[in-house]
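Engineer: Quick one: sequence plus predicted model below, questions after.
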Amino acid sequence: MKRFMIGVAAVVVAGALAWAYVPQVRTLFHDGTPSRPPLVLAEPGSTPPAMPSLHPVLTRVSGAVVNVSVEGSRPGAMNPLLEDPFFRRFFGAPEAVPEQKSNSVGSGVIIDAANGYILTNRHVIADADRVEVTLTDRRELEAKLVGADAEMDIAVLKVDAADLVAMPVGDSSALKTGDFVVAMGNPFGLGQTATLGIVSALGRSGLGIEGYEDFIQTDASINPGNSGGALVDQSGNLIGINTAILSRSGGNIGIGFAIPVNMAMRAARQIIEHGSVERGQIGVSIQDITPELADAMQIKPWSGALVANVMRGTPAEQAGLRAGDVIAEVNGHDISSGTELRNRVGLMRPGEEVKLQVQRNGKVMKVSLKLAAREQAADASALGNRFAGLGITPIPEGHPLSRETTGLYVQSVAPGSKAARAGIREGDIIVEVDRRPVATPDDLRQAETAAAGRPMLVHIVRGAGSLFLAMP
């Protein structure tokens, strides 16, 4: 009992000392609840403290973002059973399938107020019979298509109107991961909407969305209808054109992509001046350098674009390039991959001079050449579903087989496309589909229609050999 009383006394003394010398203990047990800072009410009529806001920036540039409404038509799909004339007569089906009307919405950005030029995505206005633009002041204007580029998914529209507002164009090459950005557009046709996010990544490629890919990735919410809208920096400058999302449900999951404005504007200027985008070519087939290739070829550092083939009569051959060379720089810009080389050269016009830094057997060389005109790839919409993602041209004049065979030259293959999964590669020549020769994009489309519901047999020439591929 005596020991118990001594223990109680010790606890009481310790508590008293804590109460006297530790203010936090007094605060915790005062009235049985933690104390709170006193509530200070603002005086009536006083101005509350300013909160951070992008409102001034968005107010200044919102007039440059427009809603785009498209009315169009596309060929109707025929039931595979009715492709046979006998079944069409038996069921009394029409010989031709009527066109299907379509309506869609998207977004656009005014880049030239004086001339009424609007930048948007090509897929927004694809198959359009009529395009209408709605401004923030509710004016509805009919727009004319100036031109489009399928490989970069860029289109330019023109409207005739006064008092337009253009968005200032920024420099997408100055962007850094983590920079704040705002996506502006017309999601789901709701009307102009702004969403805030950051630059999640830069230089995204290999997604199979477009022929030329160097995307800005952002977590700013981008949804259907945002396509063609503006990606804006904190100063209100246009730094990208919202283009695509990665989603399993069709809605936003925080992975959106925008075309860098430097790429988009270079294409837009060509469209405005010439009605289309003309691309130059060096005249080589290229591939990425893997660690295994780098070790085998003793390439250090292992970056750049590996020349797999040099076509006859091209600027590359005239400049002395050889298979096995590594292109490390273009006009002073480092090249890290074949995709980056393709993007750099693909934004230049025929006739432009290009200075290359080339590595050959451990030695560094400087090479200058002028780009030749490149055959225009067929529009993917003309190739059918299974061949979508291929850039198809006639066999280039300088190709070793140009006078020895007929077929279609595969200029590019979108990663992840059905053609890529079937094994078709850049540089292949498609000579037959289901044992029928092909010479035009329309031949591919007709072959796919005839093979509806079953695999196709594709005969290709690759290098000095040939092989068959089954395309499901």
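Structural biologist: Structure's in. What do you need? Numbers count the residues shown, from 1 in each chain.
Engineer: Residue ranges in the stretch 101-250 of the chain under the pLDDT threshold?
Structural biologist: Scanning the stretch 101-250 of the chain for pLDDT under 70 picks out 102, 206-211, 247-250.
Engineer: residue ranges for the helices of it, please.
Structural biologist: Along the stretch 101-250 of the chain, counting by DSSP state H, counting those that start in this stretch, helices occupy 122-125.
Engineer: for it, what spans make up the strands?
Structural biologist: Using DSSP state E, counting those that start in this stretch, the strands of the stretch 101-250 of the chain run over residues 117-120, 128-134, 140-149, 154-158, 180-185, 193-204, 215-218, 230-233, 238-245.
Engineer: list the helices and strands the third one packs on?
Structural biologist: The elements that strand 140-149 packs onto, with contact taken as 3 or more CB pairs under 8 Å, 6 or more residues apart in numbering; DSSP states H and E, are helix 122-125, strand 128-134, strand 154-158, helix 261-274. C-beta here means a position set from N, CA and C on the backbone, and glycine is covered the same way.
Engineer: Same list (the strands of the stretch 101-250 of the chain) but as TSV, adding mean neighbour count and distance to residue 109.
Structural biologist: Formatted as TSV, the entries for these read as follows, by neighbours: other CB atoms under 10 Å; distance: least, CB to CB, whole Å:
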stretch	mean neighbour count	distance to residue 109
strand 117-120	27	5
strand 128-134	18	11
strand 140-149	17	13
strand 154-158	26	10
strand 180-185	23	8
strand 193-204	17	13
strand 215-218	24	15
strand 230-233	29	5
strand 238-245	26	6
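Engineer: Redo these as TSV? Include distance to residue 278.
Structural biologist: Listed next are those as TSV, based on distance: least, CB to CB, whole Å:
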stretch	distance to residue 278
strand 117-120	18
strand 128-134	23
strand 140-149	10
strand 154-158	14
strand 180-185	29
strand 193-204	25
strand 215-218	23
strand 230-233	26
strand 238-245	20
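Engineer: Tell me which stretches of the stretch 301-450 of the chain form helices.
Structural biologist: If you assign secondary structure with DSSP H, counting those that start in this stretch, the helices in the stretch 301-450 of the chain sit at 315-318, 338-346, 418-422, 441-450.
Engineer: who touches the shortest one?
Structural biologist: The set of residues that contact helix 315-318 without belonging to it, under CB atoms under 8 Å, 6 or more residues apart in numbering, is 281-284, 307, 310-311, 369-372, 398.
Engineer: picking up where we left off before, dump the helices of the stretch 301-450 of the chain to TSV, plus mean neighbour count and mean pLDDT.
Structural biologist: Formatted as TSV, the entries for the helices of the stretch 301-450 of the chain read as follows, by neighbours: other CB atoms under 10 Å; pLDDT from 0 to 100:
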stretch	mean neighbour count	mean pLDDT
helix 315-318	20	87
helix 338-346	21	81
helix 418-422	17	82
helix 441-450	18	83
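Engineer: And the closest residue to residue 214 other than its chain neighbours, how close does it get to residue 447?
Structural biologist: With CB to CB, 6 or more residues apart in numbering as the criterion, residue 214 has its nearest non-adjacent residue at 5.2 Å, and that residue is residue 343. Relative to residue 447, residue 343 is positioned 31 Å away (CB to CB, to the nearest Å).
Engineer: Could you do residue 394 as well?
Structural biologist: Shown here: residue 394 relative to residue 447, a distance of 17 Å by CB to CB.
Engineer: Could you do residue 236 as well?
Structural biologist: Taking CB to CB as the measure, residue 236 falls 50 Å from residue 447.
Engineer: What of residue 281?
Structural biologist: Counting by CB to CB - residue 281 and residue 447 are separated by 28 Å.
Engineer: Next: residue 305.
Structural biologist: Following CB to CB, the distance that separates residue 305 from residue 447 is 33 Å.
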